[in-house]
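[1] output the structure for:
(chains A and B)
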Amino acid sequence: MLDIKFVRENPEAVKENIKKKFQDEKLALVDEVIEIDRQFRESKNKADTLRGDRNRISKQIGMFMAKGQKDDAEAAKAKVKEINDELVSLEAKETELEAELKKRMMVIPQMIGKDVPIGRDDSENVELQKFGEPTVPEFEVPYHVDIMENLNGIDLDSARKTSGNGFYYLCGDIARLHSSILSYARDFMIDRGFTYYIPPFMIRGEVVTGVMSFAEMENMMYKIEGEDLYLIGTSEHSMIGKFIDTIVPEAELPKALTSYSPCFRKEVGAHGIEERGVYRIHQFEKQEMVVVCKPEESDIWYDRLWNNTVDFFRSLDIPVRTLECCSGDLADLKVKSLDVEAWSPRQKKYFEVGSCSNLGDAQARRLGIRIKGKDGNYFAHTLNNTVVAPPRMLIAFLENNLNEDGSVNIPEPLRMYMGGKSKIEK
RNA sequence: GGAGAGAUAGCGAAGUGGUCAUAACGCGGCGGUCUUGAAAACCGUUUGAGGUCAAACUCACAAGGGUUCGAAUCCCUUUCUCUCCGCCA
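    Numbers count the residues shown, from 1 in each chain, chains lettered A, B, ... in the order given. Here you go, the predicted model:
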């Protein structure tokens, strides 16, 4: 969400930005917004003046009553009644204009970062860097479910029976590995100065509508029956929600937080649930990073955030690359974002394991996250990034650490969480 | 889940239908006087959103509705906090 003042003063820049994102159908919104805003302010100004009159006269009524000037009081009452009648239609117009304005402002995209590559869709995303050597072993790498089943680590049949498609039982060493990765990720981030959080796993409707669009909500969120509560789709929802309508003192920034939560997603829409495997599922767990900082620091934090993920995967011997989202693939609220992708020796390609976003002040403006500065308050910048999200991450882990005999190597950093094991075997 | 009490600025707290709600009073914060420096004392200052060149002005007393010429104050709904009881890991 942009600042209406910015749109008013820079309509051409806003239009240029829309073109860069190949959303030409939204170009007309800019002029509409400026016109509606003009009408809204005019209408509000008029109403404010009337409300001022009403306040003044109402006060006089009290004075008249106290002095026993009944006739004067009655005359004033009549006048206020008149003002109120006039205000009814004016206030209705005010509300309507405001709603129309907001509706349009919500879909005008955030100004993208200067260095964001221009492109239509995800096929034009740009590879930034590669880390590690993407290798394909001599032997054939099985499908990840087969690797897990071979190690008695997954039971999808039972999960389908109890919960349906898109759920899983992990068991034995694979389940332990799953927990180990999260514990390691937690400690990895704590070591880098992040504050560890376990947030609520359910949030209220008003928080949901604050942190996502209606379409996202429909496609992602599970609602608890009979309650105004939703299962979170990511801990970002509760972590950012915690800052809604707050003013953070400058001295308390930056807030560098790392949160753990299970994540629940309906996955309605384009992809849906995968028939086999744990790539796209209704329930997974995630270690996340969330940063609230001063505007001038968000670029630095952005680089720091995605580098954390890269370092994390590298420490587990998984080759990764970073892919910068081009303008057309960038969500409307984001200044820039990139995907961290892990190497799959089976598919001989990279696949997404994390996503790092700089929201600029867009999210903060929408949610009222402000900083108390010396010379007044201003909107914060917010960022978020995945540290790691198993069980999807297990796919990359197992494929890259697999031996020909079906056993899986445990990289050094995980061993302490695996009871000292250096290998998972059948 | 039941019964009761409550929610006002950074914190504590007064205000119970108008005539001191930006909000008394106290604490804290900031600036200053005094001091070699500090403490103390004293003086000043200290909510946010919108609006304006700047003002004026408007809005916000947990949130949302209602009654009224006028609501922090009365009524309804919701949320949260505290005390007691019940239940539970």
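[2] the residue of the stretch 201-350 of chain A found nearest RNA strand B: which element?
    Here the stretch 201-350 of chain A gets closest to RNA strand B at one residue, A:Ile247, 6.3 Å apart by CB to the nearest atom of the strand. The C-beta positions use only the backbone N, C-alpha and C, and glycine is treated the same way. Remark: A:Ile247 resides in strand A:246-249, with elements defined by DSSP states H and E.
[3] follow-up on the earlier one: what's the distance between the residue of the stretch 201-350 of chain A closest to RNA strand B and A:Arg370?
    For A:Ile247, the distance to A:Arg370 (CB to CB, to the nearest Å) stands at 5 Å.
[4] what's the answer for A:Asn219, then?
    30 Å.
[5] who has more neighbours, the two?
    A:Arg370 (19 against 16; other CB atoms under 10 Å).
[6] from A:His381, how far out is the residue of the stretch 201-350 of chain A closest to RNA strand B?
    15 Å.
[7] which parts of chain A sit against RNA strand B?
    A:4-5, A:41, A:44-45, A:47-49, A:51-52, A:54-59, A:61-63, A:65-66, A:76-77, A:80-81, A:84, A:228, A:247, A:370, A:372, A:376-377 (CB under 7 Å from any atom of the strand).
[8] so of those residues, which ones are in helices?
    Those of the residues of chain A next to RNA strand B mapping onto helices are A:4-5, A:41, A:44-45, A:47-49, A:51-52, A:54-59, A:61-63, A:65-66, A:76-77, A:80-81, A:84, per DSSP state H.
[9] chain neighbours aside, what residue packs nearest to the most centrally placed residue in chain A?
    The centre of chain A sits closest to A:Glu236, judged by CA atoms, centre = their mean, with a distance of 5.8 Å. Once flanking residues are discounted, A:Glu236 sits nearest to A:Asn384: 4.9 Å by CB to CB, 6 or more residues apart in numbering.
[10] neighbouring strands for whatever helix or strand that neighbour lives in, and are they parallel or not?
    Using DSSP H and E, A:Asn384 falls within strand A:381-388. Strand A:381-388 sits in its sheet next to strand A:283-293 (antiparallel), strand A:349-358 (antiparallel), going by DSSP bridges.
[11] make JSON lines from those strands and add mean neighbour count and mean pLDDT to it.
    Below are the strands paired with strand A:381-388 laid out as JSON lines (neighbours: other CB atoms under 10 Å; pLDDT from 0 to 100):
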{"stretch": "strand A:283-293", "mean neighbour count": "24", "mean pLDDT": "96"}
{"stretch": "strand A:349-358", "mean neighbour count": "21", "mean pLDDT": "95"}
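[12] so which of those comes closest to A:Ile318?
    For the strands paired with strand A:381-388, distance to A:Ile318 was read as CB to CB. The smallest value, 8.5 Å, belongs to strand A:349-358.
[13] tell me how far the closest one is from the chain's mean position?
    How far strand A:349-358 lies from its chain's middle: 14 Å, per CA atoms, centre = their mean, to the nearest Å.
[14] re the thing from before, in a markdown table: the strands paired with strand A:381-388, plus distance to A:Tyr184.
    As requested, the strands paired with strand A:381-388 are exported to a markdown table (distance: least, CB to CB, whole Å):
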| stretch | distance to A:Tyr184 |
| --- | --- |
| strand A:283-293 | 9 |
| strand A:349-358 | 15 |
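[15] for A:Glu35, which of these is the nearest?
    Of all the strands paired with strand A:381-388, strand A:349-358 sits nearest to A:Glu35, with 31.3 Å by CB to CB.
[16] just to revisit the earlier point, what packs against the strand holding A:Ile247?
    Under the contact definition 3 or more CB pairs under 8 Å, 6 or more residues apart in numbering; DSSP states H and E, strand A:246-249 sits against strand A:369-373.
[17] hey, what's the residue nearest to A:Glu236 bridged with?
    A:Val290, A:Ser357.
[18] outside of stretch A:87-106, which residues touch it?
    A:1-2, A:4, A:7, A:29, A:32-33, A:36-37, A:39-40, A:43-44, A:46-47, A:50-51, A:54, A:213 (CB atoms under 8 Å, 6 or more residues apart in numbering).
[19] that older thread, of the ones in helices among the residues of chain A next to RNA strand B, keep whichever come out buried.
    Among these, those buried by neighbour count (16 or more other CB atoms under 10 Å) are A:Ile4, A:Lys44, A:Ala47, A:Arg51, A:Arg54, A:Ile57, A:Ile61, A:Ala76, A:Val80.
[20] was I right about the fifth one contacting A:Ile83?
    Yes - with contact defined as CB atoms under 8 Å, A:Arg54 reaches A:Ile83; the gap is 4.8 Å.
[21] low-confidence regions, chain A specifically.
    Scanning chain A with the threshold set as pLDDT under 70 gives A:270, A:275.
[22] on that earlier part again, ok, A:Ile247 and A:His381, which is more surrounded?
    A:His381 (27 against 13).
[23] so who does that one touch?
    Applying CB under 8 Å, 6+ apart to A:His381 gives the contacts A:Val292, A:Cys293, A:Lys294, A:Pro295, A:Glu297, A:Ser298, A:Trp301, A:Asn358, A:Leu359, A:Gly360, A:Asp361, A:Ala364.
[24] how distant is the strand or helix carrying A:Glu12 from the center of its chain?
    For A:Glu12, the element it lies in under DSSP H and E is helix A:11-20. Taking CA atoms, centre = their mean, one finds helix A:11-20 lying 24 Å from the centre of the chain it belongs to.
[25] tell me the buried residues in that helix?
    Result for helix A:11-20 [16+ other CB under 10 Å]: buried residues A:Val14, A:Lys15, A:Asn17, A:Ile18, A:Lys20.
[26] touching, the second one and A:Ala28? I think so.
    No - with contact defined as CB under 8 Å, A:Lys15 does not reach A:Ala28; the gap is 9.6 Å.
[27] ok now the helix or strand containing A:His178, how far from the chain's centre?
    Under the criterion of DSSP H and E, A:His178 resides in helix A:172-191. Relative to the centre of its chain, helix A:172-191 is centred 23 Å away, using CA atoms, centre = their mean.
[28] and that helix, what does it pack onto?
    strand A:195-197, strand A:255-264, strand A:283-293, helix A:298-314, strand A:381-388, helix A:392-400, helix A:412-415, strand A:423-424.
[29] again, only this time at 7 Å
    strand A:255-264, strand A:283-293, helix A:298-314, strand A:381-388, helix A:392-400, helix A:412-415 (3 or more CB pairs under 7 Å, 6 or more residues apart in numbering; DSSP states H and E).
[30] so what's A:Glu124 closest to, chain neighbours aside?
    A:Cys326 (4.6 Å).
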